[in-house]
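[1] Model the structure of this input:
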Amino acid sequence: MKFLPNSADIPHDLIRSVNDGDVIFLCGAGVSFGVGLPTFKKLTDDVYATIGESRSHEPAEMIAYDKEEFDRVLRSLEKRTLLHGTESRVRAAVTQILTPPSGASLAHHKSLLQLSRDRSGEVRLLTTNFDTLFERAAAEEGISFESHAGKSIPRPGGADDFGVLHLHGRLGDTDLGLKRSDLILTSADFGDAYLRDGWASRYIEDRMRINTLILVGYRAEDAALRLLLETLDADRDRFRDLKDIYAIEKSSSGSASLWKAKGIKPLEFPDYPAIYATLAEWARYAKDPGGYSRRGLEDILKPKA
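    Residues are numbered from 1 along each chain as shown. The predicted structure follows:
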């Protein structure tokens, strides 16, 4: 189904699954980019600028940066700038840089919240973003919500499996009364969450057994998503009962092939405005499928002037 002329063709089964509350959207930095928050690359650049450091004399950081392995860049930077007994300057800078802007339009976040309802109508949305813009969007819309982060995320399929779920941690938000959690920011953090401790890998595996996933706001080669995507791909090879995964993304050279190589079905659009216009239209449909269809038919049958 094409919600707009320049929309990707959304499979009817996927639309039905969203209506039934069987899908969970996994949202990345691209969703918040429209309100002025940075990509992982820009965040890394801004951290250097904020703490007055340079990678120009640190070959390890320069090599990792050129490979777009920004989690490894920040790990090296954090190690060499951390003074014993003091707060990480890198994490303090991240908190400062990602402070949610006031007065920004949260239309993209609101569309995704509308699409992210379980069968009982509760919000259930998964994000790797640290910011609290989904919570702010819910508050603006008068939507009741819970917010969970890191290891405190409820078990998939459990009685408390709802809310805005920050897989990689969450910044504090005094306006909403939310405390900061630990952040999965550097390669050491990712290694612990996905490999050594492995709690994030287990969470994703359990989630994939229950819900179809739709990725929004990511590129196939995003550094922040690298281990997560590798986990998804490895699990699909081992377990045949895992649900489908889709990625909504702007089409570029080779992008569809990259997603498919990871076992993910791409839904590609000509540009980012087309993505978010389609999500907004899809959200209107999801809110009232019958009324949406009637209005569409009325528009078709309306006499031409």
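[2] so residue 20 touches residue 120, yeah?
    No: here residue 20 lies out of contact with residue 120, judged by C-beta atoms under 8 Å, at a distance of 11.8 Å. To be clear about C-beta, it is placed using only N, CA and C from the backbone, and glycine gets the same treatment.
[3] Identify the residues contacting the helix or strand containing residue 204?
    In this assignment (DSSP states H and E), residue 204 forms part of helix 199-210. Contact with helix 199-210 is made by 24, 126, 151, 153, 155-157, 167-168, 184, 193-195, 213, 228, 231-232, 235-236, 239, 241-243, 245, as judged by C-beta atoms under 8 Å, 6 or more residues apart in numbering.
[4] re earlier: residue 20 and residue 120: who's more crowded?
    residue 20 (11 against 8; other C-beta atoms under 10 Å).
[5] so what's that one up against?
    residue 119.
[6] in the protein, which helix has the most residues?
    Longest helix of the chain, by residue count under DSSP state H: helix 272-287.
[7] buried stuff in it?
    Neighbour-count burial for helix 272-287, counted by 16 or more other C-beta atoms under 10 Å, picks out 274-286.
[8] Low-confidence stretches in the stretch 151-300 of the chain?
    223-224, 231-232, 235-236, 295-300 (pLDDT under 70).
[9] For the stretch 101-250 of the chain, just list every one of the helices.
    For the stretch 101-250 of the chain, the helices defined by DSSP state H, counting those that start in this stretch cover 107-115, 133-141, 187-191, 199-210, 226-238.
[10] of all the ones you listed, which gets the most neighbours per residue?
    helix 107-115 (a mean of 23; mean count of other C-beta atoms under 10 Å).
[11] Contacts for that one next, please.
    18, 23, 25, 27, 31-32, 34-35, 123, 125, 133-134, 136-138, 140-141, 143, 216, 276, 279-280, 282-283, 286-287.
[12] cool, stretch 53-69 as well?
    Residues contacting stretch 53-69 (C-beta under 8 Å, 6+ apart): 41, 44, 48, 70, 72-73, 76-77, 80-81, 187, 221, 223, 226.
[13] Using PDB, list the CA coordinates for the helix holding residue 204.
    C-alpha atoms of helix 199-210 as PDB (Å, rounded to 0.1, in the frame of the first residue of the first chain):
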ATOM      1  CA  TRP A 199      21.900  -8.600  28.200                       C
ATOM      2  CA  ALA A 200      21.200  -6.500  25.200                       C
ATOM      3  CA  SER A 201      21.700  -9.400  22.800                       C
ATOM      4  CA  ARG A 202      19.300 -11.600  24.900                       C
ATOM      5  CA  TYR A 203      16.700  -8.800  24.900                       C
ATOM      6  CA  ILE A 204      16.800  -8.400  21.100                       C
ATOM      7  CA  GLU A 205      16.600 -12.100  20.600                       C
ATOM      8  CA  ASP A 206      13.600 -12.400  22.900                       C
ATOM      9  CA  ARG A 207      12.000  -9.400  21.200                       C
ATOM     10  CA  MET A 208      12.400 -10.900  17.700                       C
ATOM     11  CA  ARG A 209      10.500 -14.000  18.800                       C
ATOM     12  CA  ILE A 210       7.500 -11.800  19.700                       C
END
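[14] thinking in terms of the whole chain, how far from its middle is it?
    15 Å (C-alpha atoms, centre = their mean, to the nearest Å).
[15] Just confirm residue 215 contacts residue 28, I think it does.
    Yes: between residue 215 and residue 28 there is a contact under C-beta under 8 Å: 7.1 Å.
[16] Tell me which of these two has more neighbours.
    residue 215 (28 against 22).
[17] can you pull the contacts of that one?
    For residue 215, the contacting residues are 25-26, 28, 245-249, 264, by C-beta under 8 Å, 6+ apart.
[18] can you list the domains in this protein?
    Domain ranges of the chain: 12-36+106-296, 40-97, per automatic domain parsing.
[19] so which of those domains is the most packed in?
    By mean count of other C-beta under 10 Å, these have domain 12-36+106-296 as the most buried, with a mean of 18.
[20] if we can go back for a sec, same for the longest helix of the chain, what does it pack against?
    Here helix 272-287 touches helix 12-19, helix 107-115, strand 245-250, going by 3 or more C-beta pairs under 8 Å, 6 or more residues apart in numbering; DSSP states H and E.
[21] so which of the ones you listed comes closest to residue 258?
    Among those, the nearest to residue 258 by C-beta to C-beta is strand 245-250 (9.5 Å).
[22] What strands line up against the closest one, and which way round?
    Paired neighbours of strand 245-250 in the sheet (DSSP bridges): strand 212-216 (parallel), strand 265-269 (parallel).
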